[in-house]
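J.: Whatever this is, show me its structure:
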Amino acid sequence: MNKIILHIGARKGSKGVKNKNIKKIFGKPLIYWTLKHAKKIKNVSTIIVNSDSQEILNLAKKMKIDIALRRPKKLSSSKSSKLDAWKFAIKYLKNENLITDNDIFVDFDCTCPLRKLKDTNQMIKKFISHKNFKKKFDGIFTIVKAKKNPYFNLVEPNKYGYLKLSKNTNNSVVRRQDAPKVFEHVANTYVLKPNFISKTRSFMMGNLFGYTVKEKFSWDIDNNFDFEVAEYLLRKNK
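T.: Now for the predicted structure:
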């Protein structure tokens, strides 16, 4: 049986909001809501928190998370990618014989505190069904229907500075409903093959499916306004 490993990455610094991952929201540090969510998921082999922040690692230990992994500074700058953190965690887990290429690596971004347990369980279930039948399948990540569409109302400047549609089709699109469907990549949840993470140079180079979540559950916190909205939604959901 495939083991399920839950990963939560949370670096100390943040450009948008100072100490974002430990900033209080609805009376608790932001990362608390993701840790709480992770502990609700059944049949999990290991939960790992990957951070350069001692405060975050201490909170993980207090909440009885299995592994509090200190991330090196070179993987904790604003230029470091999520993929870098994943690779570091996978390497550690393999060295400790806690994960194999046949297992399931699930990542939660702690800036998305409104995710639903039902969605997480469905994504893991879909991953297992795809994994058994699609050899080139690498994983699933959360998406939401985009508010704007590059074929209809997203524009960019051409070489003269004039604004033009970002993307074109052979036929003019005069109604939003007629435009090709596009989705936003949201950092709510990723369910991935460990060997894909180890080998790939870029996340979007993978053979990936999307799992559509409702807009209110996709809310991603980047700035203080996002905090205000997320706190309102948390209070409303309570």
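J.: ok, which stretches of the protein are strands?
T.: 4-9, 24-25, 28-29, 46-51, 67-70, 104-109, 139-145, 155-157, 163-165, 183-192, 208-212 (DSSP state E).
J.: Quick one: mean pLDDT for the fifth one?
T.: I take that to be strand 67-70. Mean pLDDT, strand 67-70: 96.
J.: Can you list the helices and strands that that strand packs against?
T.: Judged by 3 or more C-beta pairs under 8 Å, 6 or more residues apart in numbering; DSSP states H and E, strand 67-70 is in contact with strand 46-51, helix 54-62, helix 82-95. For glycine as for every other residue, the C-beta is placed from the backbone atoms N, C-alpha and C.
J.: For the ones you listed, please prepare JSON lines with the additional fields mean neighbour count, distance to residue 72 and mean pLDDT.
T.: Below are those laid out as JSON lines (neighbours: other C-beta atoms under 10 Å; distance: least, C-beta to C-beta, whole Å; pLDDT from 0 to 100):
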{"stretch": "strand 46-51", "mean neighbour count": "24", "distance to residue 72": "11", "mean pLDDT": "96"}
{"stretch": "helix 54-62", "mean neighbour count": "17", "distance to residue 72": "13", "mean pLDDT": "95"}
{"stretch": "helix 82-95", "mean neighbour count": "17", "distance to residue 72": "8", "mean pLDDT": "95"}
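J.: Tell me which of these approaches residue 119 most closely.
T.: Nearest to residue 119 among the helices and strands packed on strand 67-70 is strand 46-51 (17.9 Å), distances taken as C-beta to C-beta.
J.: now that closest one, how far from the chain's geometric center?
T.: Its chain's C-alpha centre and that of strand 46-51 lie 14 Å apart, by C-alpha atoms, centre = their mean, to the nearest Å.
J.: Break this protein into its domains for me.
T.: Annotated domains of the chain cover 4-143+185-237, 147-181 [automatic domain parsing].
J.: one step back: make a markdown table out of the helices and strands packed on strand 67-70 and add distance to residue 68.
T.: Formatted as a markdown table, those follow (distance: least, C-beta to C-beta, whole Å):
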| stretch | distance to residue 68 |
| --- | --- |
| strand 46-51 | 5 |
| helix 54-62 | 4 |
| helix 82-95 | 12 |
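J.: what's the closest of the ones you listed to residue 111?
T.: helix 82-95 (11.0 Å).
J.: what's in contact with the closest one?
T.: The contact list for helix 82-95, computed with C-beta atoms under 8 Å, 6 or more residues apart in numbering, reads 5, 7, 9, 11, 46, 48, 50, 69, 71-72, 75, 99-100, 105, 107, 109, 187, 192, 194, 197-198, 200, 202-203.
J.: any weak-confidence spans in the chain?
T.: Within the chain, the stretches with pLDDT under 70 are 1, 13-16, 77-78, 131-135, 238.
J.: Regarding it, what is its longest helix?
T.: Criterion DSSP state H: the longest helix present in the chain is helix 117-133.
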